[in-house]
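Colleague: Please work out how this folds:
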Amino acid sequence: MAAHKDRQPGFESNTSSGSHSGPVSDGNIAAQTYETDATIPPDANLSDASVMARSAPNAPAMPKEFDGYELIEEIARGGMGIVYKAYQKSLDRVVALKTVLAGDLASEEAIRLFHTEARAAGKLNHPGIVPVYDVGECHGFHYFSMPLIDGVSLADRVARGPMDPDEAARFMKMAAETIHFAHKHNIIHRDLKPGNILVDFLGRPLITDFGIARKIDDRHTPGEQYSLTGTAEYMPPEQASGESTGPLGDVYSLGATLYCLLTGRPPFQSSNTLDTLMAVLHSDPVPPRRLNERIPRDIELICLKCIEKRPQDRYQSALEVAEELERFLEGRPVLVHPVGNIGTFIRWTRRKPRSAALATALVVCFTAALAISVYYNFQLDMQRNIADEARREAEFSELSASRLQRVTEALLEQLATAESGVVQALQYSSLGEVCSAATKLSRATLKVPRNQALGDFRTARSRLSDEQEAELRPLLDQIEEAANRKEGDPDATTSAADNLIAQARGIWLSATEGSPGARKQIRTVLYARTHQLVEKIVAATDRRDVADDIKSLLDLMNAELSVVATDEVYLKAVQMLVAVEEWRSGPLPQSLITIAGDLQRITDRPDPNQS
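Modeller: Below is the predicted model:
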């Protein structure tokens with residue numbers, strides 16, 4: 001209720017001009033004129049935007065004296081009523097007297113709201129609420145009287161610029177406590193704003209103008225769905241959309257008022273009321289610290305929490321607002337926390353579901369396209385890798401066959417003068433091939449499937465001579481039988497392969513027993529190759545640099561060395577490969593260097609007399 005004693009600085013009477021030089025207490029009984037106030041009267045039709053800018057209708061002339069009051073001057077005019085400074089003869093005091101704006105021409109709805117205000121203010125006996133002295137009617141003019149407050153409104157204070165954050169927090173803490181008292185007594189204000197909070201000479205905020213107040217449990221006031229009342233700049237979204245409001249609507253208005261005190265402007269303001277209402281419904285407020293960098297972060301968070309779009313996202317009572325402001329004033333941590341990017345996005349989706357749905361659909365489509373692209377690229381890479389692996393295996397097999405052929409040809413050439421050199425070389429070649437195939441079969445992996453290794457073994461077996469096949473058949477059959485088992489039998493295959501190598505060695509030694517020259521020539525060639533591979537491995541600094549040489553040494557040992565080499569060379573080669581397997585990374589182990597030295601030494605000058 002805006003009622004002011006005499007003429008306070010900055011308060012010009014509008015009796016003659018119809019307007020004030022600055023806001024006083026506006027609202028439905030405020031000292032602002034209808035032109036400068038965004039208050040929406042209950043009969044305003046939002047389909048006609050021009051109604052928001054019209055001047056208030058001229059009120060019928062009030063009699064100078066009536067019903068024991070003598071009117072002194074008009075001190076405030078709002079969207080629904082006029083406030084006069086008056087003298088009450090019976091009690092010899094100056095009061096503020098409010099009448100319906102339309103006087104004896106007022107509609108039943110305007111009179112009903114007028115008496116609602118009088119009853120609400122009269123029911124609330126609180127030092128923070130301007131009380132009602134008297135209610136009456138004279139010659140068709142409805143009125144009620146109240147104290148004439150010696151002070152100014154918060155609208156007047158903020159007209160001079162943003163307030164100090166601590167001072168604003170102190171005023172709004174007391175205002176929130178007062179509103180909580182009203183809520184406890186089943187009254188919601190519905191038009192809280194700086195103009196409806198007066199500050200008396202003691203610095204106490206007083207809530208006034210209960211013109212559109214109602215009971216909390218009265219959610220369906222007749223005609224409310226066809227009208228929109230309140231002040232657009234400080235109106236909660238649910239009230240701006242014509243829905244029923246509750247105590248959390250007053251929490252929003254407390255926050256909007258605090259925003260104005262801190263920044264010097266309301267959270268939303270436009271050139272016309274309709275645009276302001278749309279902003280209240282669909283836009284986010286500018287964070288106060290962007291408008292006034294002196295505002296502490298904590299009070300900004302309190303303010304923004306109060307003016308959340310959804311009631312459930314705000315403080316759940318005016319008392320919570322008061323307690324939070326008290327924590328701020330005492331320098332204690334506040335309970336509210338920043339919303340964050342995820343919270344901001346979620347609230348944006350609630351506020352603009354169509355845009356959010358479109359954005360979500362685009363993201364889903366993009367993600368699906370990306371996933372499909374990644375999947376097919378992965379499949380393509382995997383197929384390419386498989387093809388590369390198969391090509392490398394084929395090349396390796398071709399190289400192995402070619403190397404074996406070259407060794408055989410070299411041996412044949414070197415044994416040309418030997419009496420049975422050709423036969424012995426061929427015997428050594430076929431035995432070495434079947435031993436190598438048996439070893440690979442026992443070590444079959446995913447890269448060399450068991451079926452493929454078994455096929456290679458059968459091919460090598462077919463190249464044996466009839467005598468070799470007959471002599472080795474039990475072991476060959478045992479290897480094939482173990483490999484043909486459903487789950488495979490690596491242990492049995494490995495054991496049989498080892499036995500096969502031992503027996504093949506015996507066959508070859510028997511075959512070359514009468515040709516020591518041929519045996520020596522064959523060993524010389526193989527030992528030279530072994531010596532060369534060992535030398536390259538020992539010279540390496542990283543195992544990966546000699547991976548191919550290690551593989552070549554393994555193949556050489558499984559095939560040719562396993563059949564031809566002496567026991568000493570073969571066992572030392574096995575030790576060499578075991579040491580290489582243990583060398584995973586880092587510098588070459590000393591144990592590997594020692595074994596390699598021994599292997600090089602004994603292969604430099606093979607003793608043809610050794611068995």
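
Colleague: So what's the model's average confidence on the helix or strand hosting Gln575?
Modeller: Element membership for Gln575, per DSSP states H and E: helix 567-582. Mean per-residue pLDDT for helix 567-582: 78.

Colleague: One more: stretch 89-108?
Modeller: Throughout stretch 89-108, pLDDT has a mean value of 81.

Colleague: how long is it end to end?
Modeller: By Cα to Cα, to the nearest Å, the extent of stretch 89-108 from end to end equals 30 Å.

Colleague: and what of stretch 132-151?
Modeller: Termini of stretch 132-151 sit 18 Å apart (Cα to Cα).

Colleague: if I look at Cys138, how far off is Ile72?
Modeller: 17 Å (Cβ to Cβ, to the nearest Å). Placement of C-beta: from N, CA and C, glycine included.

Colleague: before we move on, what about Glu581?
Modeller: Glu581 sits 111 Å away from Ile72, going by Cβ to Cβ.

Colleague: ditto for Gly211
Modeller: Distance from Gly211 to Ile72, counting by Cβ to Cβ: 23 Å.

Colleague: who's more crowded, these two?
Modeller: Taking other Cβ atoms under 10 Å, Gly211 and Ile72 do not tie; Gly211 has more neighbours (32 against 17).

Colleague: Can you verify that one is assigned to a helix?
Modeller: No - under DSSP: H, G, I helix; E, B strand; the rest coil, Gly211 sits outside any helix and is assigned coil.

Colleague: where does it fall, phi/psi-wise?
Modeller: Main-chain torsions, Gly211, degrees, to the nearest 10: phi -60, psi -30.

Colleague: Ok, Arg160 next?
Modeller: phi -90, psi 0.

Colleague: what helix or strand is the closest residue to Lys572 other than its chain neighbours on?
Modeller: Closest residue to Lys572 apart from its sequence neighbours, by Cβ to Cβ, 6 or more residues apart in numbering: Leu599 at 4.7 Å. Leu599 belongs to helix 590-604 when assigned by DSSP H and E.

Colleague: cool, Arg290 as well?
Modeller: Using DSSP H and E, Arg290 falls within helix 288-291.

Colleague: Could I get the buried residue list for that helix?
Modeller: Going by neighbour count (16 or more other Cβ atoms under 10 Å), the buried part of helix 288-291 is Pro288, Arg289.

Colleague: and if you look at stretch 167-180?
Modeller: Those would be 168-180, for stretch 167-180 by 16+ other Cβ under 10 Å.

Colleague: would you list every one of the helices in the stretch 151-300 of the chain?
Modeller: Along the stretch 151-300 of the chain, counting by DSSP state H, counting those that start in this stretch, helices occupy 154-159, 165-184, 237-240, 247-263, 273-282, 288-291, 297-306.

Colleague: Can you spell out which helices and strands pack onto the second one?
Modeller: If contacts are counted by 3 or more Cβ pairs under 8 Å, 6 or more residues apart in numbering; DSSP states H and E, helix 165-184 sits against strand 197-200, strand 205-207, helix 247-263, helix 297-306, helix 318-329.

Colleague: With only the CA atoms kept, save that helix in PDB.
Modeller: Written as PDB, here are the backbone C-alpha positions of helix 165-184 (Å, rounded to 0.1, in the frame of the first residue of the first chain):
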ATOM      1  CA  PRO A 165      23.900  -5.700  -2.100                       C
ATOM      2  CA  ASP A 166      23.900  -6.000   1.700                       C
ATOM      3  CA  GLU A 167      21.200  -3.300   2.000                       C
ATOM      4  CA  ALA A 168      19.100  -5.000  -0.700                       C
ATOM      5  CA  ALA A 169      19.500  -8.400   1.000                       C
ATOM      6  CA  ARG A 170      18.500  -6.900   4.400                       C
ATOM      7  CA  PHE A 171      15.300  -5.300   3.000                       C
ATOM      8  CA  MET A 172      14.400  -8.500   1.100                       C
ATOM      9  CA  LYS A 173      15.100 -10.700   4.000                       C
ATOM     10  CA  MET A 174      12.500  -8.800   6.100                       C
ATOM     11  CA  ALA A 175      10.100  -8.700   3.200                       C
ATOM     12  CA  ALA A 176      10.400 -12.400   2.700                       C
ATOM     13  CA  GLU A 177       9.700 -13.000   6.400                       C
ATOM     14  CA  THR A 178       6.600 -10.800   6.100                       C
ATOM     15  CA  ILE A 179       5.400 -12.600   3.100                       C
ATOM     16  CA  HIS A 180       6.000 -16.000   4.900                       C
ATOM     17  CA  PHE A 181       3.700 -14.600   7.700                       C
ATOM     18  CA  ALA A 182       1.000 -13.900   5.100                       C
ATOM     19  CA  HIS A 183       1.300 -17.300   3.600                       C
ATOM     20  CA  LYS A 184       1.000 -18.900   7.000                       C
END
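
Colleague: Report the angle between that helix and helix 247-263.
Modeller: Between helix 165-184 and helix 247-263, the angle comes out at 160 degrees (axes from the mean of the first three to the mean of the last three Cα atoms, to 10 degrees).

Colleague: for the lengthiest helix in the chain, packing partners?
Modeller: Secondary structure of the chain per DSSP state H: the longest helix is helix 353-414. Applying 3+ Cβ pairs under 8 Å, 6+ apart, we find helix 353-414 packed against helix 340-351, helix 421-442, helix 516-539.

Colleague: at 6 Å what do you get?
Modeller: Under the contact definition 3 or more Cβ pairs under 6 Å, 6 or more residues apart in numbering; DSSP states H and E, helix 353-414 sits against helix 421-442, helix 516-539.

Colleague: from those helices, which stretch is densest packed?
Modeller: Most buried of the helices and strands packed on helix 353-414, by mean neighbour count (mean count of other Cβ atoms under 10 Å): helix 421-442, with a mean of 24.

Colleague: Would you agree Met146 falls within a helix?
Modeller: No - under three-state DSSP, Met146 sits outside any helix and is assigned strand.

Colleague: how about stretch 377-394 as CSV, C-alpha atoms only?
Modeller: Output of stretch 377-394 as CSV, limited to C-alpha atoms (Å, rounded to 0.1, in the frame of the first residue of the first chain):
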residue,chain,number,x,y,z
ASN,A,377,35.3,-48.4,-41.5
PHE,A,378,36.1,-50.9,-38.8
GLN,A,379,34.8,-53.8,-40.8
LEU,A,380,36.8,-52.5,-43.8
ASP,A,381,40.0,-52.2,-41.8
MET,A,382,39.4,-55.6,-40.3
GLN,A,383,38.9,-57.2,-43.7
ARG,A,384,41.9,-55.4,-45.0
ASN,A,385,44.0,-56.6,-42.1
ILE,A,386,42.8,-60.2,-42.7
ALA,A,387,43.7,-59.9,-46.3
ASP,A,388,47.1,-58.5,-45.4
GLU,A,389,47.7,-61.3,-43.0
ALA,A,390,46.7,-63.9,-45.5
ARG,A,391,48.9,-62.2,-48.1
ARG,A,392,51.8,-62.2,-45.6
GLU,A,393,51.2,-65.8,-44.8
ALA,A,394,51.1,-66.7,-48.4
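
Colleague: Contacts for that stretch next, please.
Modeller: If you take Cβ atoms under 6 Å, 6 or more residues apart in numbering as the criterion, stretch 377-394 is touched by no other residue.

Colleague: So for Lys551, which of the helices and strands packed on helix 165-184 sits nearest?
Modeller: Closest to Lys551 of the helices and strands packed on helix 165-184 is helix 297-306 (Cβ to Cβ; 66.5 Å).

Colleague: Relative to Leu192, which of the helices of the stretch 151-300 of the chain is closest?
Modeller: Here helix 247-263 is closest among the helices of the stretch 151-300 of the chain (Cβ to Cβ), at 3.7 Å.
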